[in-house]
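Peer 1: Structure of the sequence below:
(chains A and B)
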There are 2 protein chains.
Amino acid sequence: MTPRTASLTAAPADRDRGLRPRHDNALLPRIARSAATRQGAGPQTAEVHTWLDERRRSHRFHVERIPFAQLDNWSFDGDTGNLVHDSGRFFTVEGLRVTVDEGPYREWHQPIIRQPEVGILGILAKEFDGVLHFLMQAKMEPGNPNLVQLSPTVQATRSNYTKVHKGAAVKYVEHFTRPAPHRIIADVLQSEHGSWFFRKSNRNMIVETTEPVPLDDDFCWLTLGQIGELLHSDNVVNMDARTVLSCVPYRDEQPGALHSDTELLSWFTAERSRHDVRAEPLPLAGLPSWNRGESSIDHAEGRYFSVVAVRVQADSREVTGWTQPLFEPRARGVTAFLIRRFGDVPHVLVQARVEGGFLDTVELGPTVQCTPAAHAHLPAEDRPPFLDDVLNARASFPSRISYEAVHSEEGGRFRNAESRHLLVEADEATAPLDPPAGFRWVTPGQLTSLVRHNHYVNVQARTLLACLNATGTRA
Amino acid sequence: MTPRTASLTAAPADRDRGLRPRHDNALLPRIARSAATRQGAGPQTAEVHTWLDERRRSHRFHVERIPFAQLDNWSFDGDTGNLVHDSGRFFTVEGLRVTVDEGPYREWHQPIIRQPEVGILGILAKEFDGVLHFLMQAKMEPGNPNLVQLSPTVQATRSNYTKVHKGAAVKYVEHFTRPAPHRIIADVLQSEHGSWFFRKSNRNMIVETTEPVPLDDDFCWLTLGQIGELLHSDNVVNMDARTVLSCVPYRDEQPGALHSDTELLSWFTAERSRHDVRAEPLPLAGLPSWNRGESSIDHAEGRYFSVVAVRVQADSREVTGWTQPLFEPRARGVTAFLIRRFGDVPHVLVQARVEGGFLDTVELGPTVQCTPAAHAHLPAEDRPPFLDDVLNARASFPSRISYEAVHSEEGGRFRNAESRHLLVEADEATAPLDPPAGFRWVTPGQLTSLVRHNHYVNVQARTLLACLNATGTRA
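Peer 2: Down below sits the predicted model:
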């Protein structure tokens, strides 16, 4: 052994180095205070809508559908027919074959987006007047129905922030690429849509700063209470913001749950173990049941979604104009949690969902997550469980709807991909204490614990968790 | 809406249904008591060695190397050259190409085991005289250097317990396929060796029962204290038992850690995000740098491992004789944690390791995990960090070694795959407070929290965590 290690006398730093508590209990009341604050240091909540309109107008965005042949730097690969960018980066549209071991569909083919890079979705937090505020961006995404929505402070693929596209630097990104470790509120890899992406994850981050932060025109500081109010409006808070917000570590103030955390994890492990899912990337060319036209790739029976192309003209983004492919669903989706109170503690009914693009077979999704039109042709017994209960509650028992808003999915990849998001009060007749196989009652507090870790909760359920927090259902 | 859901009056069950606490605090002192108990209701600890010898003798096991041509029901596929079983089940040996973005090796090819099924590794627990005991099995595995070691109660691939091989039923398996939810102590999917398996996970379970359990000849009940003592002997507790034991939820009695849990998770997320790892299965035939002979597949420079075949004769296993391939390392490995106390709290130095077969890029491994012989030809700067410190401590400063034993890897897949496992006390000169990139100081309590979840801690670090618990380093 070298002399430098001949003595085990502790260096002074050993003794003096302070330990941290494993859990930052001081954070929880600060989160609660921000959630309870409806009037912050930035704009009034009502002003955010007009501010978004103003940002929309001032940038003169224009997005139009184009034929694939008019895509710049994108083309169908001669061998595979995959839709690829000349740089080999950003993302590709390929084919996928999926086989599963249960349900009405046991095998299918579909186009899928492959994007191996891990992007950053980051919200910067800072205290003003003793209340945590979150820096939200008015961001244009070409697939958004209204183009501009509230997004995280930073929403960047690695290609973005390493400047593959040679555009401007991503604003505020340095807070997330070099964060102060003890100022991190959340930092976790989460899946994106398992039906549209092949094993895509993004890094969801919330980082606090105590430094002065110069405020750009497209940004504003809002409290959690304000963002919660905005989550009640259609198409205001974008998907990237919703998934990051789902990671806010709200305190669980409930005395317990139907199932302990160990039981819940065990059930999840069993669900992951019992499914046999095979997902195999294939060339997009010749993909069964899908037809490529000049302007779209469509399912033979007109279901699910199409692959389309758009041209974007704008002057506010990292680059001022571009063309790109997008996935465009054929109809609006429904995304809902059924809610019941057991021992006065709210529980939501999650489903262990198999999606072909998940990294690991199964994640927890909403009670209902589907596009009703895609199932209209199926016999009743093959329709998604609880879908009719949700639709009926909306039609006939509006008092049971404790939350409802239309939100759209990531506008950088999906065009007009809207779903109606609902929280629906249920009872024993609709949603029994002992639910069907693959479903489980969990508390919002348990979901909050799970979203600290990778790949437990899918993106749709994370949106609903953010909505739940926004309703104060937890309180 | 149907009439059955017209009323939201809660059924009586809603109000009466008891909630559980999310965390079972009553379990923790029961774990501690079992760990403190060195004399249980079953055999004395010293008797376990003689009992294992006796089981070994009574079954007259015989294992011999054979040429591949003598394998029954196994053959090299005509197209791919992959080594496959006629049933299409169990496992296959295929090729893999891995590219990574740092380190001395940026690209390599290797044989790899593919086994998509999730197996069960389960230990049954039961109280005797108020102390938790764990049902351990004397199990023969053909790759074990001494054939018979202590294994979990159940160690079964899905092929095993669904009887693809038409052997006898797996004993006690019903405790794990239909466990009572509130008797589950641990249940989590964990990775196996990322250098030898392609994305293999097993379900690690500990389930308590209060029912009478008939005791088979090859089984015995031991306390955690007894198993901890046995972990100090070479090649007694097998890998499957060690990984399940690492999931025992010991209480963390320490006041804190160098890094809070949120900081630790954030560092882990950053490590997973920054690496660009591509692992691509390839046909075994023609795999660069590997040569197939009549009795083995070997690396061109004689490094790493060989693929070999064995014939097994025995009368105690689910079937009485069979042939199979095994991976056989070329030399003994070293697996070690460096340990330091900060603020009197023990910390171990983990490394965020890239292994080609991991499902998700990176898991936390030991400070040192390598086969020294495989790196002997490398210049000093490319040798694994801290390897020389561990070897030197062993040679010159034995008082710094707080734990040492040789353990072998899964004898059902690996032949004589031994590693020396060490816990080595370090100081600022050897292992600084601010370690190199990719390393982090964490407490055993933090590792215990992480092993509740999938794919944070690799199998070698889980073995060392079980050894740490066995030394009482935590206390």
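Peer 1: going forward, measure contacts between C-alpha atoms and count neighbours the same way
Peer 2: Noted.
Peer 1: right, and A:Tyr416 touches A:Pro142 too?
Peer 2: Check again: residue A:416 is Asn, not Tyr. No - checked against CA atoms under 8 Å, the pair A:Asn416 and A:Pro142 is beyond contact range at 9.3 Å.
Peer 1: When these two are compared, which one has more neighbours?
Peer 2: With neighbours defined as other CA atoms under 10 Å in any protein chain shown, A:Asn416 and A:Pro142 compare such that A:Pro142 has more, 28 against 23.
Peer 1: where's that one, which helix or strand?
Peer 2: Using DSSP states H and E, A:Pro142 maps to neither a helix nor a strand.
Peer 1: what are the phi and psi values for it?
Peer 2: phi -60, psi -20 (degrees, to the nearest 10).
Peer 1: near chain B at all, whichever strand or helix holds A:Ala336?
Peer 2: A:Ala336 is part of strand A:333-342 when elements are defined by DSSP H and E. Yes - judged by CA under 8 Å from any CA of the partner chain, strand A:333-342 and chain B are in contact via A:341-342.
Peer 1: right, and the helix or strand after that strand?
Peer 2: Assigned by DSSP H and E, the successor of strand A:333-342 is strand A:345-354.
Peer 1: before we move on, back to that, and the strand holding A:Ala336, which strands flank it?
Peer 2: For strand A:333-342, the paired strands and their directions (DSSP bridges) read strand A:345-354 (antiparallel), strand A:368-370 (antiparallel), strand A:418-425 (parallel).
Peer 1: so how far is stretch A:22-35 off the chain centroid?
Peer 2: For stretch A:22-35, the separation from the chain centroid amounts to 23 Å (computed by CA atoms, centre = their mean, to the nearest Å).
Peer 1: and it with chain B, contact?
Peer 2: Yes - judged by CA under 8 Å from any CA, stretch A:22-35 comes into contact with chain B at A:22-24.
Peer 1: Would you reformat these as TSV and include pLDDT?
Peer 2: Below are the residues of stretch A:22-35 next to chain B laid out as TSV (pLDDT from 0 to 100):
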residue	pLDDT
A:Arg22	96
A:His23	94
A:Asp24	90
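Peer 1: now, which of those sits nearest chain B?
Peer 2: A:Arg22 (4.2 Å; CA to the nearest CA).
Peer 1: Run a quick neighbour tally on the closest one.
Peer 2: 20.
Peer 1: now it: how far from A:Glu428?
Peer 2: 40 Å (CA to CA, to the nearest Å).
Peer 1: mind checking which helix or strand A:Val52 is in?
Peer 2: Actually, residue A:52 is Leu rather than Val. helix A:45-59.
Peer 1: Can you give the contact residues for that helix?
Peer 2: Helix A:45-59 has contacts (CA atoms under 8 Å, 6 or more residues apart in numbering or on different chains) with A:38-39, A:138, A:140, A:147-150, A:218, A:226-227, A:229-230, A:236, A:314-316.
Peer 1: Those in strands, which ones?
Peer 2: Within the contacts of helix A:45-59, residues falling in strands by DSSP state E are A:138, A:140, A:148-150.
Peer 1: Could you figure out how far the helix or strand containing A:Val308 is turned away from helix A:45-59?
Peer 2: Using DSSP H and E, A:Val308 maps to strand A:305-313. Interaxial angle, strand A:305-313 versus helix A:45-59 (axes from the mean of the first three to the mean of the last three CA atoms, to 10 degrees): 70 degrees.
Peer 1: Contacts only, for A:Ser75.
Peer 2: A:68-69, A:83-86.
Peer 1: how does it look with 10 Å?
Peer 2: A:68-69, A:81-86, A:92 (CA atoms under 10 Å, 6 or more residues apart in numbering or on different chains).
Peer 1: again, but for A:Thr443
Peer 2: A:252, A:254, A:256-259, A:339-342, A:345-350, A:449, A:474, B:22.
Peer 1: Now do it, the pLDDT please.
Peer 2: Turning to A:Thr443, the model gives it a pLDDT of 98.
Peer 1: how far away is it from A:Asp344?
Peer 2: Relative to A:Asp344, and taking CA to CA, A:Thr443 is found at 11 Å.
Peer 1: Identify the contacts common to those two.
Peer 2: Counting by CA under 10 Å, 6+ apart, the residues touching both A:Thr443 and A:Asp344 are A:Gln254.
Peer 1: would you list every one of the strands in the stretch 51-200 of chain A?
Peer 2: A:62-66, A:74-76, A:83-85, A:92-99, A:107-114, A:119-128, A:131-140, A:148-151, A:154-156, A:184-191 (DSSP state E, counting those that start in this stretch).
Peer 1: okay, these, which one's buried deepest?
Peer 2: Per residue and on average, the most neighbours among the strands of the stretch 51-200 of chain A fall to strand A:148-151, with a mean of 27 (mean count of other CA atoms under 10 Å in any protein chain shown).
Peer 1: Return the list of helices and strands in contact with that one.
Peer 2: When contacts are defined as 3 or more CA pairs under 10 Å, 6 or more residues apart in numbering or on different chains; DSSP states H and E, strand A:148-151 sits against helix A:45-59, strand A:119-128, strand A:131-140, strand A:219-222, helix A:239-246.
Peer 1: in its sheet, what does the fourth one sit against?
Peer 2: In other words, strand A:219-222. Here, using DSSP bridges, strand A:219-222 pairs with strand A:131-140 (antiparallel).
Peer 1: how many neighbours does the residue lying closest to A:Val170 once chain neighbours are set aside have?
Peer 2: In space, A:Val170 comes closest to A:Tyr161 once its chain neighbours are excluded; the distance is 5.8 Å by CA to CA, 6 or more residues apart in numbering or on different chains. Neighbourhood size, A:Tyr161 [other CA under 10 Å]: 23.
Peer 1: same thing with A:Ala376?
Peer 2: Neighbour tally, A:Ala376, other CA under 10 Å: 11.
Peer 1: Run the chain-centre distance for whichever strand or helix holds A:Leu447.
Peer 2: Assigned by DSSP H and E, A:Leu447 belongs to helix A:444-450. The chain centroid and the centroid of helix A:444-450 are separated by 16 Å under CA atoms, centre = their mean.
Peer 1: Quick check: next helix or strand after that helix?
Peer 2: helix A:459-471.
Peer 1: So is that following helix next to chain B?
Peer 2: No - taking CA under 10 Å from any CA of the partner chain as the criterion, helix A:459-471 and chain B are apart, separated by no less than 17.8 Å.
Peer 1: list the contacts for A:Val148?
Peer 2: Contacts of A:Val148 (CA under 10 Å, 6+ apart): A:52-53, A:55-57, A:59, A:61, A:137-142, A:235-238, A:411.
Peer 1: and what of A:Arg452?
Peer 2: Applying CA under 10 Å, 6+ apart, the residues near A:Arg452 are A:186-190, A:204, A:246-249, B:262, B:265-266.
Peer 1: For the nearest residue to A:Ala466 once chain neighbours are set aside, grab the count of nearby residues.
Peer 2: Of all residues not flanking A:Ala466 in the chain, A:Ser246 sits nearest, at 4.5 Å (CA to CA, 6+ apart). Neighbours of A:Ser246 under the rule other CA under 10 Å: 27.
Peer 1: From A:Thr448, how far off is A:Ser246?
Peer 2: Counting by CA to CA, the separation of A:Ser246 from A:Thr448 is 7 Å.
Peer 1: I'm done for today, thanks for sticking with me.
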